[in-house]
Each structure stands twice: as C-alpha cells, then as structure tokens.
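Colleague: Compute the structure for the input listed below.
(one chain, ligands or ions: 1)
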Amino acid sequence: MNEKPEHFIVDGKRLDGRRVDELRSIKIEIGTLDRADGSCYLEWGNNKILAAVYGPRELHPRHRQKMTRSVVQFRYNMASFSVDERIRPGPSRRSIEISKVSREAFEPVVFTKFFPKTSIDVFVEVLQAGAGTRTAGINAASLALADAGIPMRGLVSACAVGKVDGELVLDLMKEEDNYGEADMPVVMTAGGQITLLQMDGHLTTEEFYRALELAKTGCDKVYELQRQALIKKYSEEYTAEIEDEYIEDAAPEGDADE
Ligand code: CDP
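Modeller: Next up is the predicted model:
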C-alpha cells in the first residue's frame, strides 16, 4: 500500500495534478460484449471496469419470481488481480455490501413493473481497481442497462466527494481514499434525485451540504460523458443501419440470389 503523503494539496493542486473540483479522466465504450444484452467498458483514472446486463429473462428458481415486477440482481466482483494484494475469489463482506447498495441505486429508475416474473441481471467486474470502484461500476452499469434497452426513467451517474487537508475534493484517488478524512460516494439522476449516498469519515453539517453540491457537479459531468457515449454508439449504429437499408433498396432486382 502507498505511504500516507504529508500533504494532499500543494499550491491548489492535488497529488495527481488535479484541482479540487476536477474529475479523473473517463473513457467509455458501450456494447463491448457480444453475448450480453447490454454492456459497457469504462476506465476512470486507474479503474478498469466491465459491466454486463442480461435480461429481462425468466427468473430461476421460480419461487423468487415476483408476480408484479422484475427483480433486479446486481453482482459486483473484483478480479483477483485487480489490486496490489491478490483478492481471494468469491464474495466478500465488501463485495456483498457494494452489490446491495448498487442494486438499490437503480431501484428508483428501472421500470421493473413492465417485466413481471423476470430478472434483470447486472454484473460488474472490476479488472483494475484504483479508488471509487463502486461509483465507476454504477456508471458502467447504468450504460449497460441502457444498452440492453431496459426501460428506465433515465441514467444514474455516480461520483465521490471526500475531504483531505481539511478541504473538500471531488473524485478521490487512491491515497485520498485511503488516508483522507472523509469519503462520500453519491449516485443521482440527471434531475438531481439521489439514489445512493454513503459516507465514511467525518464532515460537519456545513461541509456535508457543500460536499453534496460538489458531488452534483461531478455527477453532472459524468452524466454528460455517459450521454455522449450513448449518442456516439447509437448514432453510428443508426447510420450503419440506414446505409444498409439504402444499399438493399438500391440493389437491382435479382441481386439477392447472386
Ligand atoms: O472502490 P471504492 O472506493 O468504492 O471502495 P472502497 O472499499 O472504499 O475501496 C477503496 C479502494 O481500495 C478501492 O477502489 C481499491 O483501489 C482499494 N482496495 C484494495 O486495494 N483492496 C481491496 N481488497 C479492496 C479495495
């Protein structure tokens, strides 16, 4: 593990050169996996995350089915090789907790009533971890759900705020996460409805409200990147589809047999 740095902020810059309200760089690819109904690969700083969605599909065992809605299942998993010290494969207290809160973060936005007796299964695989994997996983899952065509009120976007050297900072990196004074992951809709808020550490009431504002600016930026990634994927697909149709329409009769 890295050593605790003496200072986290020097001349207004953080250890990785960011300002206090700056996000780490984010890269998004939608539809990475052929076999999933929806998928997304997301890099956020040093995090590398893969999200896959299957469903709506018949839920087994049948006694777990709900007559009036679909059941959303969420599995967050860290690959053994995703961190410095190898992780024992299989569920841990931490991964069970993250899976639960992540599932709950989607409950208010997914239209589960449309698909009774089914399950919508979300898998988040952390290939490389570098602080904020739950927020990165939720952002990727949000896009994978959209890619699967699951009806939702909208995307959710996630970002953490923390406190280091007595100052609030957006989107914690590893050292800030490990040794900071507070860590507050927040998930919200584009309209600002909070679907998950957790807090580790200490903030005063005044700091808490300021942290929430800062988290909102982070989530807004993430939302914009998510939206752009969806537009890019689907406008490309749409253009390709239109071109195919155009070529089919334009082909002279009899060509289909050749
Ligand atoms: O990832 P997130 O911040 O949502 O969760 P955390 O439990 O606060 O973990 C913070 C960071 O510690 C992770 O992102 C990983 O980089 C690291 N970690 C680790 O090195 N080994 C673990 N077994 C768990 C977490």
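Colleague: Does residue 217 belong to a helix, a strand or coil?
Modeller: Look at residue 217: counting by DSSP: H, G, I helix; E, B strand; the rest coil, its state is helix.
Colleague: what's around it, how many residues?
Modeller: 14 (other Cβ atoms under 10 Å). C-beta here means a position set from N, CA and C on the backbone, and glycine is covered the same way.
Colleague: thought it was touching residue 170?
Modeller: Yes - if you go by Cβ atoms under 8 Å, residue 217 and residue 170 touch, sitting 7.1 Å apart.
Colleague: What parts of the stretch 101-250 of the chain come near the ligand?
Modeller: 129-134, 174, 177 (Cβ under 6 Å from any ligand atom).
Colleague: In strands, which of those residues appear?
Modeller: Here DSSP state E is the test, and those give no hits in strands at all.
Colleague: Out of the residues you listed, give me the two with the largest separation.
Modeller: In those, two members sit farther apart than any others by Cβ to Cβ. They are 134 and 174, at 14.3 Å.
Colleague: mind checking pLDDT for the residue lying closest to residue 108 once chain neighbours are set aside?
Modeller: Leaving aside its sequence neighbours, residue 108 sits nearest to residue 195 (Cβ to Cβ, 6 or more residues apart in numbering; 5.2 Å). pLDDT, residue 195: 98.
Colleague: picking up where we left off before, tell me which of residue 134 and residue 174 has more neighbours.
Modeller: Counting neighbours by other Cβ under 10 Å for residue 134 and for residue 174 shows that residue 134 has the greater number, 24 against 18.
Colleague: ok now do the more buried one, which residues does it touch?
Modeller: For residue 134, the contact set (Cβ atoms under 8 Å, 6 or more residues apart in numbering) comprises 76, 98, 101-102, 158, 185.
Colleague: Kindly recompute the last result at 7 Å.
Modeller: 98, 102, 185 (Cβ atoms under 7 Å, 6 or more residues apart in numbering).
Colleague: Kindly report the same for residue 69.
Modeller: For residue 69, the contact set (Cβ under 7 Å, 6+ apart) comprises 112-113, 116.
Colleague: Would you mind listing the residues in contact with the nearest residue to residue 186 once chain neighbours are set aside?
Modeller: Of all residues not flanking residue 186 in the chain, residue 215 sits nearest, at 3.9 Å (Cβ to Cβ, 6+ apart). Neighbour list for residue 215: 159, 161, 184, 186 [criterion: Cβ under 7 Å, 6+ apart].
Colleague: Let's see which of these end up in helices.
Modeller: Using DSSP state H, no member of those falls in helices.
Colleague: returning to that earlier point: tell me how far the residue nearest to residue 186 lies from the ligand.
Modeller: Distance, residue 215 to the ligand, using Cβ to the nearest ligand atom, to the nearest Å: 14 Å.
Colleague: ok, now how distant is that residue from residue 154?
Modeller: To residue 154, residue 215 is 17 Å away according to Cβ to Cβ, to the nearest Å.
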